[in-house]
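[1] Sequence and predicted structure, then a few things I'm wondering about:
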Amino acid sequence: MASASQKTTPCAHHGASAPPPPKLLSAVDSVLRPVDSIPDTAKKPANKGISVTPRSETKHPLDPLSAAEISVAVATVRAAGANPEVRDSMRFIEVASVEPEKHVVALADAYFFPPFQPSLLPRNKSGPVIPMKLPPRRARLVVYNKTSNETSVWIVELSSVHAVTRGGHHRGRVVSSQVIPDVQPPMDAEEYAECEAIVKDFPPFIEAMKRRGIDDMDLVMVDPWCVGYHSEADAPSRRLAKPLIYCRTDSDCPMENGYARPVEGIYVLVDMQNMVVIEFEDRKFVPLPPPDPLRNYTPGESRGGVDRSDVKPLEIIQPEGPSFRVRGYFVEWQKWNFRIGFTPREGLVIHSVAYVDGSRGRRPVAHRLSFVEMVVPYGDPNEPHYRKNAFDAGEDGLGKNAHSLKKGCDCLGSIKYFDAHFTNFTGGVETIENCVCLHEEDHGILWKHQDWRTGLAEVRRSRRLTVSFFCTVANYEYGFYWHFYQDGKIEAEVKLTGILSLGALQPGETRKYGTTIAPGLYAPVHQHFFIARMDMSVDCKPGEAYNQVVEVNVKVDEPGENNIHNNAFYAEEKLLRSEAEATRDCDPFSARHWIVRNTRTVNRTGQLTGYKLVPGSNCLPLARPEAKFLRRAAFLKHNLWVTRYAPDEKFPGGEFPNQNPRAGEGLATWVKQNRSLEESDVVLWYVFGIIHVPRLEDWPVMPVEHIGFTLMPHGFFNCSPAVDVPPNPACELDTKDSEVKEVVAPKPLQSDIIVAQFSFELESFLVWFVGWRLKDIFEQMEKAFRWEINNFSENKSVMKSDRFSSGGCEWYLCVYPKGKIVDDHLSLFLNVVNFRKLLPGWKRQASFSFVVLNQSGKELHRTVEKSRLFCAEAPSWGYSKILPLTKLQEDGFLENNKLTIEVNIKVTKVAHEGKSTENEIVVVHGFHVLNSQVVSMHNMFVKHPDVAVDIRSDIREVKTAYMNILLGLVQTLAKPPQSLSETELSNADSELSELTDAGFKLDWLKSKLEEVSLKRKEPSSHLKVELDKEKIESATAPAPAPRVSPFECIDVLIKKFFLACFSGQ
């Protein structure tokens, strides 16, 4: 068996030979390797259907490893150790899933996991070929041998065949292991803690701290930093760290900001393999900075101030829940869908990003998005700051340092959290709960226009879906965000916060390389660089490589006959044909950006579809080219790199940047191959940075700085994809409220005039309608219910009030004298009566508030008005904390032990009573479809009853996917022929062929497609004449009165009558 200290070739377990590497999607009969078996459909008649087996896959190939899978992978590698000494020396740096080749992902999406996409299945003459199962999941482990100082990489197959041995121990199968020479893997938190303890116990260090007046080592903080590579002394033959030293002032205050007192002049070098101090020197005595009274940031007296008291509550309420849906790690939000991944090094990863575009279906945008590296170089040439140039992903790990997010703080609203699982240094499994946050955010105005002639205005609010995580690397915090917008944009954002890395000053000293923060304390200037890797797939199905990259610069025309008014400028495009040509920098003066285009897909104007990369604020390294850190970070020298996809090219500084002596490893070396990019599978590497000149306002904790970029559709759609976003219901409610107020005013309404024009024949209808609406209006008026409770303090358990009516249903109150959820407050809730007996879909939106009084009517407490959605799933809303129980026990607070509770309630919306929603699933003619599709399905089967009699699949999901394609195709061909583009017609023809191959009888639809194609080619000059004529007529015609429906007019009159009755008029 392979040892962690031996270099081996790929090996097998239990005598099985290693499977060959997967091949690219090139032929139907070799679509997936390895696969146990693929049904030989060629031997079976087509009309007998496709031979399939039940789907047994439970994890998508792109899902992060579970805790159980990590345990199996670690146990397998331990068992493969040559001897107990080797096994005991193993330290586990990283365990992550091996992401399969793209065609395997396509197969998983086609058949095994929703949303099922039959069009992605491999095909032969008989139709789609459905495999028996996917290849087993694999794990990749980076293992450090603490005894031999060697780093090895292991691949373990997590096959169900090897899941459990007879002894009950979980096992996988080692596929390969390899020792990587001359490298150091990332550091681990356990090493950091051990390093701190070693330094604080080192006698010369203790003496050096005593010289500075520090005897208590509990006050000392030791932050190990990787040494980088400055000379041969930093070679990876030793695992090294050079710590930075800090000292707190108060051992009784664990939340004190320890970074406020840096210790300078002490040089320490630690051998992290053997955990010994190998070099120490007290080079220069620099007094400790005096305690800064403004150093702390936690609430309370230690901060030296009082929290502001004028901040009112701001609640993010989604009464009907979020608009997104989550299945495992698969996310659907409006027209976006993607998968969430997570690795110890990168943190959050976004896979398989696509936009569902009407009849064109699911259109891919990117295969994989992530932040792959972060470099922070400092600009002070003095010790120790010149060697601060951390590679926070490659030397440490963004994912390993992620936070457990807290609801209501890092994220607001209806939140979906995802956990992350990692191995610790010794191979145990650790879980970060609530590591990734998924939620929606309001983002201001999406679009707006007001017609100045008519005064009519349309406005839509923007909403975005945000996926994020936060991590702490020593003193700094970084939030990494991917925002998805309704107009097709994707925004990448990094939020920088945390505590400045400071230096100490001699009395009276200043330094031009930083900002003085407090007496004896300064913050050096520095830069933060982030590298985003974007494996693009714009309009490319799996197996296709039809992307190219063009650069766009806005140029000014030279003076001359083309620019006689000296105002001319234009956008000039240049195709980046090779990797050497695609090494580019930002230029804000020419609005430079880059577009990834599909070379074989066009929009309605005949232009290639694409997505453009729009830079935000940016910079390049300010260090001179000879700077030592740029040997390892040559990728920082340009803002954009484009490479041809290669599965092993994942990190811009190479796999192991820690103490890396090899100059330019990674991106700078890969692009020397100068591979063609003219029509290929392209990967964008975008480098973006910020120059941080610290300011006093960044102390003691830095307000968030924002930096990022945008991926924006460019000719990807035929028009704005945001034009179909509906109006905000809250805005509509405001409009209706203003209309009601106008009714109360004495001036006549336009609706009064229109009602006068109704014929007498409506009288009988009006009598019925008025009575019905009076009842409805009365039911929706605000109602108050009072509940008097005698001998209140004698009640220990929950008490229920009598029933009362409002909004067409019955309610009751529940009071918990000893609290609900909490045990130190009075709790109060409003409930729906018999909610389990409500009709399916029953919902009421109700506004309510509570008032608590004593016997004399003195108001003890009043809540703010809340609006909540009551339904069978949420029949109760209220407050767990109304009044502290100690308050109720005070003398004189309750009179005669009597408590009165008053509730004011108004039902503002009645929804879906006993009706199916559009998203409910209904079975029609053997197909599971949405309720909104039933009418279309019924009409089609009435006209064409044999349309699906010969369909070759009995699998529910495949049939549903095919039916969705068919209904979308029917909808497309129902449009006016002149409105259809060539691309839409081409897609329609492809979909028709696919459906026919699947067994649908669609001769009638084929005829329709031919008819539409012919009509589209007919001259349309007569349409222009008709349109011009209509425009002239509309311009000369008088403006029509505003259109008001009869029901709206009647409602206005009824409300006026009702108000008059109750006001005594």
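    Thanks, I have the structure now.
[2] In the sheet, which residues pair with the residue nearest in space to the middle of the chain? Tell me.
    By C-alpha atoms, centre = their mean, the chain has its centre lying nearest to residue 467, at 1.9 Å. Going by DSSP bridges, residue 467 is paired in beta bridges with residue 438, residue 482.
[3] Might you report the residue contacts of it?
    With contacts defined as C-beta atoms under 8 Å, 6 or more residues apart in numbering, residue 467 is in contact with 331, 340, 348, 350, 436-438, 481-482, 484. (Glycine included, C-beta is placed from N, CA and C.)
[4] before we move on, what about residue 484?
    So residue 484 contacts 333, 336, 338, 464-467, 490 (C-beta under 8 Å, 6+ apart).
[5] which SS state does it fall under?
    Secondary structure state of residue 484, per DSSP: H, G, I helix; E, B strand; the rest coil, is strand.
[6] Now do it against residue 466, distance only.
    Residue 484 sits 8 Å away from residue 466, going by C-beta to C-beta, to the nearest Å.
[7] got it, and residue 109?
    24 Å.
[8] Mind checking which of these two has more residues around it?
    Between residue 109 and residue 466, residue 109 has the larger neighbour count (other C-beta atoms under 10 Å), namely 24 against 18.
[9] For the residue nearest to that one when sequence neighbours are not counted, list the residues it contacts.
    What sits nearest to residue 109 in space, not counting adjacent residues and going by C-beta to C-beta, 6 or more residues apart in numbering, is residue 117, at 5.5 Å. Residues near residue 117 by C-beta under 8 Å, 6+ apart: 109-110, 362, 961.
[10] Buried ones in the strand or helix carrying residue 614, by neighbour count?
    Using DSSP states H and E, residue 614 falls within strand 608-615. By neighbour count on 16 or more other C-beta atoms under 10 Å, the buried set for strand 608-615 is 608-615.
[11] Give me the distance from the helix or strand following that strand to the chain's centre.
    Going down the chain from strand 608-615, the next helix or strand is helix 629-632, by DSSP H and E. Put simply, helix 629-632 sits 32 Å off its chain's centre (C-alpha atoms, centre = their mean, to the nearest Å).
[12] helix or strand right after helix 629-632?
    Criterion used, DSSP H and E; the element after helix 629-632 is strand 640-644.
[13] Surely residue 848 is within a helix?
    No. Secondary structure assignment (three-state DSSP) places residue 848 in strand, not in a helix.
[14] Let me know the pLDDT of the nearest residue to it once chain neighbours are set aside.
    Nearest residue to residue 848, sequence neighbours excluded (C-beta to C-beta, 6+ apart): residue 905, at 4.4 Å. We have a pLDDT of 92 for residue 905.
[15] Please name the bridge partners of residue 905.
    With DSSP bridges as the rule, residue 905 is bridged to residue 783, residue 848.
[16] Could you pull up the mean pLDDT of the helix or strand that contains residue 959?
    Using DSSP H and E, residue 959 sits within helix 956-973. Across helix 956-973, pLDDT averages out at 81.
[17] list the helices and strands it packs on?
    strand 927-930, helix 934-943, helix 982-997, helix 1003-1017 (3 or more C-beta pairs under 8 Å, 6 or more residues apart in numbering; DSSP states H and E).
[18] I'd like these as CSV, with mean pLDDT appended.
    Shown next, in CSV, are the helices and strands packed on helix 956-973 (pLDDT from 0 to 100):
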stretch, mean pLDDT
strand 927-930, 77
helix 934-943, 80
helix 982-997, 80
helix 1003-1017, 86
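[19] And the residue nearest to residue 109, how far from residue 66?
    Counting by C-beta to C-beta, the gap from residue 117 to residue 66 is 25 Å.
[20] same check, this time on residue 205
    Residue 205 is 43 Å from residue 66, by C-beta to C-beta.
[21] higher neighbour count, these two?
    residue 205 (22 against 17).
[22] tell me which element that one falls in.
    helix 203-211.
[23] Tell me which other helices or strands whichever helix or strand comes after that helix touches.
    Sequence order places strand 220-223 as the next helix or strand after helix 203-211, per DSSP H and E. With contacts defined as 3+ C-beta pairs under 8 Å, 6+ apart, strand 220-223 has these neighbours: helix 189-200, strand 244-247.
[24] now strand 220-223: mean pLDDT?
    Rounded mean pLDDT across strand 220-223 is 97.
[25] For that strand, C-alpha coordinates in PDB please.
    Only the C-alpha atoms of strand 220-223 are listed here, as PDB (Å, rounded to 0.1, in the frame of the first residue of the first chain):
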ATOM      1  CA  VAL A 220       0.800  38.400  24.700                       C
ATOM      2  CA  MET A 221      -0.700  37.600  21.300                       C
ATOM      3  CA  VAL A 222       1.500  35.800  18.700                       C
ATOM      4  CA  ASP A 223       0.200  35.800  15.100                       C
END
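[26] any residues touching the helix or strand following that strand, and which ones?
    As assigned by DSSP H and E, the chain's next helix or strand after strand 220-223 is strand 240-241. Here strand 240-241 makes contact (C-beta under 8 Å, 6+ apart) with 187, 191, 195, 224-227, 234, 269-272, 659.
[27] related to what we said a few turns ago, most tightly surrounded among the helices and strands packed on strand 220-223?
    strand 244-247 (a mean of 22; mean count of other C-beta atoms under 10 Å).
[28] Partner strands of that one and their direction?
    Sheet pairing for strand 244-247, using DSSP bridges, gives strand 220-223 (antiparallel), strand 262-263 (antiparallel).
[29] Please identify the most buried of the ones you listed.
    Of those, strand 262-263 is the most buried (mean count of other C-beta under 10 Å), at a mean of 22.
[30] Please compute how far that strand lies from its chain's middle.
    39 Å.
[31] what's near enough to touch residue 708?
    Applying C-beta under 8 Å, 6+ apart, the residues near residue 708 are 481, 491-494, 616, 688.
[32] right, I mislabeled it, should have said residue 350
    Residue 350 neighbours (C-beta under 8 Å, 6+ apart): 338-341, 366, 368-370, 467, 482.
[33] What of residue 547?
    Residue 547 touches 536-538, 540, 596-599, 679-682, counting by C-beta under 8 Å, 6+ apart.
[34] Can you give me the domain boundaries for this protein?
    67-100+135-180, 189-282, 324-558+567-714, 783-911, 917-1015 (the TED database).
[35] Could you list the low-pLDDT ranges of the stretch 301-450 of the chain?
    Within the stretch 301-450 of the chain, the segments meeting pLDDT under 70 span 301-304, 407-408.
[36] how about a cut-off of 80?
    Scanning the stretch 301-450 of the chain with the threshold set as pLDDT under 80 gives 301-306, 406-409.
[37] hang on, the earlier thing: got the buried residues for the helix holding residue 205?
    In helix 203-211, counting by 16+ other C-beta under 10 Å, buried: 205, 208-209.
[38] Just the mean pLDDT for it, thanks.
    The model assigns helix 203-211 a mean pLDDT of 97.
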